[in-house]
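Q: Quick one: sequence and predicted model below, then my questions.
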Amino acid sequence: MKPISIAFVDDHPILLSGLAALFSTHPDFLVVAVGHCARDATDIVAKYRPDVLVVDLNMPGKVLEMIADITVGRFGTRILTFTAATGIDDAISALEAGAGGYVLKGSTGEELIDAVRTVHAGDTYITASYAAKVVAGLRTASLRKSAIEAMRLSLREEQVLRLLLRGSTNREIATTLEIGEKTVKHYMTILMQKLNVRNRVEVVLAAQQLEIGKGLNRAAGMM
């Protein structure tokens, strides 16, 4: 299989070197270039046409304009933002400019690698603990749908959530799915983490706000 060509643009030299080193040792990737500012990103895409370009938001130049210019161009390069910017508006602006993913610095190397693969495949990737807030703020319906899909609920999580949205108790969910109540509580904890909420009531409210329940047809068909 042809390796995924990738380039990194960040104005922190040590981080940039670490990213290049991490991906250079991985057989599934080919690091073609590195840069330090928005202008470098534009030049790298024009010259090397990497499959994926990983960029920081807080670096010299007009980064959002650069993202928009590259994603509407004919180069085929997909963009993943890797940044310390935790503001919801930052993430929304990047995704609406055309970025395929938003990963917070502090994530593990495995998470970043997974994000690159996901974006390369044409899907959306958002740091899990951050995703629900980002989805809630997105103004574009198609992006909201992609971001919700990026939250990646498992089949069992979808089933638990659908029953929860119907008003089922943990015991009723356990009976319907033929699993233990402790297992239901385990899935409830996962849902709270993914939706960035504190309890089952907030899980329901978040799911309703994000309209996640409307996309659970697959789960319904399994019950």
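A: Received, thanks.
Q: Report the residue ranges of every domain in this protein.
A: 4-150, 155-221 (automatic domain parsing).
Q: what residues are up against the nearest residue to Thr83 once chain neighbours are set aside?
A: Excluding the flanking residues, the one nearest Thr83 by Cβ to Cβ, 6 or more residues apart in numbering is Leu57, at 4.4 Å. Placement of C-beta: from N, CA and C, glycine included. Residues in contact with Leu57 (Cβ atoms under 8 Å, 6 or more residues apart in numbering) are 63-64, 81, 83, 85, 90, 94.
Q: So what touches the helix ranked longest in the chain?
A: If you go by DSSP state H, the chain has its longest helix at helix 181-195. Helix 181-195 has contacts (Cβ under 8 Å, 6+ apart) with 128-129, 131-132, 151, 153, 156-157, 160-161, 164, 170-171, 173-174, 177, 198-200, 202-203, 206-207, 210.
Q: Show me what the very next helix or strand once past it is packed up against.
A: Under the assignment DSSP states H and E, the closest C-terminal helix or strand after helix 181-195 is helix 200-210. In this structure, helix 200-210 packs against helix 128-137, helix 155-165, helix 181-195, with contacts taken as 3 or more Cβ pairs under 8 Å, 6 or more residues apart in numbering; DSSP states H and E.
Q: could you check the angle helix 155-165 makes with helix 200-210?
A: 100 degrees (axes from the mean of the first three to the mean of the last three Cα atoms, to 10 degrees).
Q: Send me the helix or strand where Asp43 lies as PDB with only the CA atoms.
A: Element membership for Asp43, per DSSP H and E: helix 38-48. C-alpha atoms of helix 38-48 as PDB (Å, rounded to 0.1, in the frame of the first residue of the first chain):
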ATOM      1  CA  ALA A  38       0.900  30.000   6.600                       C
ATOM      2  CA  ARG A  39       2.900  31.000   3.600                       C
ATOM      3  CA  ASP A  40       5.100  27.900   4.000                       C
ATOM      4  CA  ALA A  41       2.000  25.800   4.000                       C
ATOM      5  CA  THR A  42       0.700  27.200   0.700                       C
ATOM      6  CA  ASP A  43       4.200  26.700  -0.900                       C
ATOM      7  CA  ILE A  44       4.500  23.200   0.400                       C
ATOM      8  CA  VAL A  45       1.100  22.200  -1.000                       C
ATOM      9  CA  ALA A  46       1.900  23.700  -4.400                       C
ATOM     10  CA  LYS A  47       5.300  22.000  -4.600                       C
ATOM     11  CA  TYR A  48       4.700  18.600  -2.900                       C
END
